[in-house]
Structures are given as C-alpha cells and as structure tokens.
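> my questions are about this predicted structure, shown below with the sequence.
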Amino acid sequence: MVILTDLSDVLIHGLYGADEIIAERYGKNVAEAFWQRHLETEEDFRELMRGKMSEDDYWQRLLQGDDWPFGIREIEDIFSENLRRDVPDTLQVYQRITSHPRSLLHRHDILLGAPEIYIISDHIEERIEEIYQYHPDIFKVAQKTFWSCELGNIKMDETFFPQLLRVFDMPIDEFIFVDDNAYNTTAASLAGIASIYFKNAKQLEKTLRAYGFEFAPVDS
C-alpha cells in the first residue's frame with residue numbers, strides 16, 4: 001500500500017504562514033496586501049511550481065508596482081524561515097505507521113503489504129536543497145520524493161496523476177493520497193485515487209485507521 005503525501009502545509013510550512021511573519025515585522029496591512037498580490041499572481045506562482053519560472057522572476061512580478069517595505073532578498077529570507085517550521089505531529093503519524101510490526105492493510109482478505117510513503121510536492125526548484133537540509137527526518141520516512149518543478153506539472157493539472165501513476169507498477173486501488181488542498185484531492189479522486197483532505201495530524205491518523213492502518217504507540 002502506498003501513501004502519496006503532500007509536503008507543504010501537511011508536513012512543513014510552505015508559502016502559507018509567511019504572511020504571519022510579515023505581519024509581525026511589517027504590520028497586518030502589509031501582510032494582507034502581500035497575500036492579495038499573491039492571489040493576483042497565482043498563475044505565475046503555478047508556473048514557478050511547474051519549473052517554468054525562476055523564484056527571483058516570480059518575486060519581481062509579485063512586488064512590482066507598489067512601495068513594499070522589503071525587497072526580494074528579505075522576502076526570500078522570510079520564506080526560508082517559514083520553511084523551517086514543521087506542521088505539528090504529521091511526521092510522527094507516518095513514522096508510527098511504518099514502524100508498527102503489523103503495519104499492513106487488509107482488503108478483501110488479501111494482504112497488500114507494508115505501506116510505503118512517497119512525497120509528491122508542488123514546490124520551487126531553488127528551495128529543494130534547503131528543504132532536505134531543514135527536514136532530514138522526513139526524508140528518512142519517505143521512500144522517494146516527486147517534485148512538480150521536475151515533473152513539469154502541478155497536482156491540479158489533469159496530466160499530473162496519470163503521469164505519476166505510470167512510474168508505479170501497482171493497481172490504482174493500492175494508493176491513498178493526502179493533501180491540504182481540495183483542488184488537489186479532487187484531481188486525485190478524478191484519477192481514481194482514494195484521497196484524504198488533510199486538516200491536522202489527529203484527523204489524519206483517525207482517517208488512516210479507518211482505512212485499516214495500524215500505528216506504533218506514541219513514545220512516552
């Protein structure tokens with residue numbers, strides 16, 4: 001059984017949350033204006049995730065036309081600071097699945113095997129190295145990571161999941177997809193993959209238990 005899990009805002013913070021740092025340093029009005037501009041440049045952001053635009057080019061487009069109290073270097077540093085933050089307890093959920101001696105899923109009385117975890121992430125090429133550096137324990141649990149900027153597609157693209165599934169020689173019903181973005185879980189469902197809309201680690205564990213996964217106890 002394979003769990004395909006999102007990274008940003010499931011395991012670590014992504015762009016979301018950077019506005020909180022901006023609000024602390026520059027004020028709530030600046031943070032709200034920054035987030036509004038991000039929404040206005042969302043298609044450019046998607047091209048960045050597809051690897052078709054550099055991070056500097058994106059920030060230049062986002063910041064142009066207004067007198068912002070920070071420049072590109074400052075906003076990149078804020079983004080780096082946000083990327084260092086973990087989403088509470090999600091990694092532990094996956095660690096407890098893979099470390100359980102009977103972490104096997106039964107379906108129709110067929111033993112499908114120990115679960116494997118793969119990260120599939122819409123992310124910026126320039127940020128991959130620092131993510132590996134900041135979060136080594138995540139990549140000890142995940143067997144492999146698929147980055148949108150390397151695949152040339154993001155998860156909401158209709159070609160993304162068919163492209164990804166061609167990598168695996170497994171029946172489609174052996175996959176479960178976890179993401180905090182409803183567009184992405186819808187895209188996975190349309191491709192025939194069972195999907196979990198992530199809210200928090202407690203909800204994720206409860207849902208995975210309902211699928212039949214077993215968990216090692218929480219360390220005391």
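It's in.
> all contacts plus neighbour counts: C-alpha atoms, from now on.
Noted.
> show me the shaky parts of the protein.
101-114, 220 (pLDDT under 70).
> can you list the domains in it?
Following automatic domain parsing, one finds the domains of the chain at 2-12+86-211, 18-83.
> please point out which parts of stretch 74-86 sit buried.
Buried residues in stretch 74-86, counted by 16 or more other Cα atoms under 10 Å: 78-80, 82-86.
> next one: stretch 211-220
By neighbour count on 16+ other Cα under 10 Å, the buried set for stretch 211-220 is 213-216.
> make a markdown table out of those and add distance to residue 46.
Listed next are the buried residues of stretch 211-220 as a markdown table, based on distance: Cα to Cα, whole Å:
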| residue | distance to residue 46 |
| --- | --- |
| 213 | 34 |
| 214 | 36 |
| 215 | 36 |
| 216 | 38 |
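> okay, and which of the residues you listed map to strands?
Using DSSP state E, no member of the buried residues of stretch 211-220 falls in strands.
> helices - which of those residues land there?
Among the buried residues of stretch 211-220, no residue falls in helices (DSSP state H).
> and the two most separated of these?
Spatial extent of the buried residues of stretch 211-220 (Cα to Cα) is set by the pair 213 and 216 at 10.2 Å.
> of the buried residues of stretch 74-86, which is the nearest to residue 4?
Relative to residue 4, the closest of those is residue 86; by Cα to Cα it sits at 18.2 Å.
> how much space between the residue lying closest to that closest one once chain neighbours are set aside and residue 80?
Using Cα to Cα, 6 or more residues apart in numbering and skipping the chain neighbours, the partner closest in space to residue 86 is residue 12 (4.3 Å). Residue 12 sits 12 Å away from residue 80, going by Cα to Cα, to the nearest Å.
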